[in-house]
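Asker: Next input, structure requested:
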Amino acid sequence: MSRHERLSAILGIVVEEGSVHIDDIITRLGVSAATARRDLDLLADQQLVTRTRGGASANPTSGELPLRYRPSRMAREKTRIARAAAAMVSPGDSVGLNGGTTTTEIAREIALLPELTDPETPVTVTTNAINIASELAVRQCVRVVVTGGAARAHSFELTGPLSELILPSITIGTLFLGVEGIDEHGTYTPHESLAAVNAALVRAARRVVAVCDHTKLGASAFALISRLDQIDLLITDDGADPAVIERLQRAGLEVRLV
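Answerer: Numbering: from 1, shown residues only. Presented below is the predicted three-dimensional model:
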């Protein structure tokens, strides 16, 4: 197990259980006491956990893990969603991506599209996520446009007034919108600053495709991104509850299960 995997695993335990003891880390991850202490010290230095006697506990920021540390929950489902989304993209298209694990997978799948061979007809990707921009910037057949703003440490997304200035001046063909919740009323994210930028992305797009795994269906969060009638399509995995899918469809949303 790599150090990255250990840190992700430890953070996952802290988030789910509220705390962790060094003995638990040794048993669950098969590492030495010295390694467990170093990992906890590193996470505490980054203010992701609070160090306690013999272990660590959650702090207010533990529940929102930085993207690089998030356990790959629903990894297979997100890969299927990403491939289905990327299959909608052709050379010369204009695409939007907000931040998140699912949209990051979509960016990677777009970069691997076999038909993207001509730098003269690139896919233009507009994003407020600097990790997505960094991954795609080296691709000759992808043109990257980044919104301005201040970067959020946990999600690598740019927010604030600067990030919204460029969006009224451009048009996005298809926005792939990662959400933390979607129900009959709309789509959601936990933070109002992210909601404002994501809403601006929605307004700039001709077509909006919500992308999320089935655990986000029927759920809401603090801040509303968009009304449901602003979403043209939802791509989610086939583990979705049929009753929840039926409610969304009755509300007028087209749903694609993958």
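
Asker: From here on, just use CA atoms for contacts and neighbour counts.
Answerer: Will do.

Asker: Stretch 23-39: how far from the chain's middle?
Answerer: Using Cα atoms, centre = their mean, to the nearest Å, we find the averaged C-alpha position of stretch 23-39 to lie 29 Å away from the chain's own average C-alpha position.

Asker: For that stretch, give me every contacting residue.
Answerer: Contacts made with stretch 23-39 from outside it, assessed by Cα atoms under 8 Å, 6 or more residues apart in numbering, are listed as 6-7, 10, 22, 55.

Asker: what about 7 Å?
Answerer: Among residues not part of stretch 23-39, those counted as contacts by Cα atoms under 7 Å, 6 or more residues apart in numbering are 7, 22.

Asker: With stretch 137-147 instead?
Answerer: The list of residues contacting stretch 137-147 from outside it, by Cα under 7 Å, 6+ apart, reads 111, 116-119, 122-128, 133, 136, 163, 166.

Asker: Which of the residues you listed ranks first by neighbour count?
Answerer: Neighbour tally across those (other Cα atoms under 10 Å): the maximum, 28 neighbours, falls on residue 128.

Asker: just checking, that one touches residue 155?
Answerer: No - contact criterion Cα atoms under 7 Å: residue 128 and residue 155 do not qualify, at 10.3 Å.

Asker: which neighbours do these two share?
Answerer: Overlap between the neighbourhoods of residue 128 and residue 155 consists of residue 99, taking contacts as Cα under 7 Å, 6+ apart.

Asker: From residue 207, how far off is the residue nearest to residue 180 when sequence neighbours are not counted?
Answerer: Counting by Cα to Cα, 6 or more residues apart in numbering, residue 180 lies nearest to residue 189, which is 5.1 Å off, once chain neighbours are set aside. Per Cα to Cα, to the nearest Å, residue 189 is found 19 Å from residue 207.

Asker: Same question for residue 223.
Answerer: Per Cα to Cα, residue 223 is found 21 Å from residue 207.

Asker: again with residue 77
Answerer: Computed as Cα to Cα, the residue 77 to residue 207 distance reads 23 Å.

Asker: same check, this time on residue 167
Answerer: Distance check for residue 167 against residue 207: by Cα to Cα, it reads 15 Å.

Asker: Quick check: residue 207 touching residue 176?
Answerer: No - using Cα under 7 Å, residue 207 makes no contact with residue 176, being 8.8 Å away.

Asker: who has more neighbours, those two?
Answerer: Higher neighbour count among residue 207 and residue 176: residue 176, with 30 against 19, using other Cα under 10 Å.
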